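> sequence first, then the predicted structure, then my questions.
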Amino acid sequence: MGLVIPLKKEINNSYLKLKNLVGDKLNQVDQHIKYKLASEINLIQEMTKYHFESGGKRIRALLTLGSAKLCDYRNGNRDVNLAACVELIHNATLLHDDVIDDSNLRRGIKTSNSIWGNQSSILVGDYLLSRCFEMMVEDDDHEVLKLLSSTSSKIAQGEVLQLEYKGQIDILEETYLNIINSKTAALFAAATRVGACITSKKKKEKDALESYGRNLGLAFQITDDALDYCSTKNTFGKEIGKDFFEGKVTLPAIFLFQKANDDEKKKLDKIFSKKNRTKLEFNEVQNLIKKYNSIDDCFKRAEYFINISRNALNTFNFSEEKLILQKITSFSLERSF
């Protein structure tokens with residue numbers, strides 16, 4: 001029998017391999033963001049410095065850089081600039097989300113809105129987006145500009161759609177997937193497609209990388225939503241149960257509702273339709289989720305999208321870059337580092 005490598009170690013290795021693959025490029029992205037966000041306004045300087053130094057895996061930037069390398073992008077800094085754009089879009093949504101969700105913790109530390117207030121967080125999030133669009137214009141590629149600007153629009157629409165279905169426990173899985181496709185997977189898809197765009201690859205390669213990123217993003221968000229019911233604060237880096245307390249109906253609750261008996265469905269509908277939910281009610285829902293193995297169902301669905309993501313890269317010839325990008329898909333199932 002061969003050596004069995006623990007899943008977490010394997011995932012850590014794939015993440016580090018992707019970082020090593022892009023070399024110093026990721027550090028260049030961080031420096032480029034710092035340079036582009038420079039402002040004479042002290043509050044902007046203070047808040048952006050705090051936010052970007054608060055951690056984060058830069059997975060979207062890594063995917064942009066890795067996809068560009070897969071497509072043989074070797075000279076120039078367009079990959080760095082556009083990876084920075086992707087990160088700015090993502091972090092602007094984080095600042096806005098923390099206000100909408102009234103979050104106090106992210107990545108295990110205080111959120112910007114809990115320190116400087118909601119108004120400042122919204123405005124600095126807008127500042128990130130405005131700088132991002134300046135950088136996209138400087139890139140001077142209409143295809144890329146259209147891709148990233150439309151992605152920003154999709155993210156906003158996804159957030160609004162989620163609000164529209166708040167508290168509706170009988171939401172369809174299809175509707176849930178539409179929501180996370182817009183609010184999460186769309187940016188993953190854009191991040192990876194960019195790599196093919198800046199190397200003038202054919203539509204076949206562009207579509208393959210977009211499918212790779214989109215399905216990886218779906219798996220990523222499904223896992224995140226599952227962990228919100230079964231992880232711990234120390235592991236997750238933020239309070240668990242946030243979706244529940246905010247009345248957001250995510251996949252664990254959807255799968256639970258599908259399997260629950262009539263009495264349980266009535267109780268779930270009553271709980272989720274309330275304006276506020278209690279810790280005791282969260283524990284009750286957690287127990288029902290365990291009873292019906294809803295978390296296992298979520299991870300199975302995430303694995304389904306991971307397989308599609310990996311297979312999408314079969315369009316490309318074998319290479320170290322392809323192998324690493326395929327292996328990094330497992331990263332979406334482990335969110336503790």
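Perfect, I can see it now. Residues are numbered from 1 along each chain as shown.
> only C-alpha atoms from now on, for both contacts and neighbour counts.
Noted.
> name the helices or strands packed onto whichever strand or helix holds residue 282?
For residue 282, the host element (DSSP states H and E) is helix 279-291. Judged by 3 or more Cα pairs under 8 Å, 6 or more residues apart in numbering; DSSP states H and E, the packing partners of helix 279-291 are helix 251-259.
> show the subsequent helix or strand relative to the helix it packs on.
Criterion used, DSSP H and E; the element after helix 251-259 is helix 262-273.
> got a list of contacts for that following helix?
167, 168, 169, 170, 244, 247, 249, 257, 277, 281, 285 (Cα atoms under 8 Å, 6 or more residues apart in numbering).
> mind redoing it with 7 Å?
Contact partners of helix 262-273, identified using Cα atoms under 7 Å, 6 or more residues apart in numbering, comprise 167, 168, 169, 247, 257, 277.
> buried subset of these, written for ChimeraX?
To isolate the buried subset of the contacts of helix 262-273 in ChimeraX, counting by 16 or more other Cα atoms under 10 Å, use the following:
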select :167,168,169,247,257
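> same list (the contacts of helix 262-273) but as a markdown table, adding pLDDT and secondary structure.
As requested, the contacts of helix 262-273 are exported to a markdown table (pLDDT from 0 to 100; DSSP: H, G, I helix; E, B strand; the rest coil):
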| residue | pLDDT | secondary structure |
| --- | --- | --- |
| 167 | 96 | coil |
| 168 | 97 | coil |
| 169 | 97 | coil |
| 247 | 95 | coil |
| 257 | 98 | helix |
| 277 | 97 | coil |
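> of the contacts of helix 262-273, which is the nearest to residue 54?
residue 247 (27.4 Å; Cα to Cα).
> any idea how far the closest residue to the closest one other than its chain neighbours is from residue 308?
Using Cα to Cα, 6 or more residues apart in numbering and skipping the chain neighbours, the partner closest in space to residue 247 is residue 167 (4.8 Å). Using Cα to Cα, to the nearest Å, we find residue 167 at a distance of 31 Å from residue 308.
> and if you look at residue 228?
24 Å.
> the more surrounded of these two?
residue 228 (21 against 15; other Cα atoms under 10 Å).
> SS state for the more buried one?
State at residue 228, reduced to three classes by DSSP: H, G, I helix; E, B strand; the rest coil: helix.
> how about the contacts made by it?
240, 241, 242.
> before we move on, what about residue 312?
208, 209, 211, 212.
> returning to that earlier point: pretty sure the residue nearest to residue 247 is touching residue 244, no?
No. Using Cα atoms under 7 Å, residue 167 is not in contact with residue 244, being 9.1 Å away.
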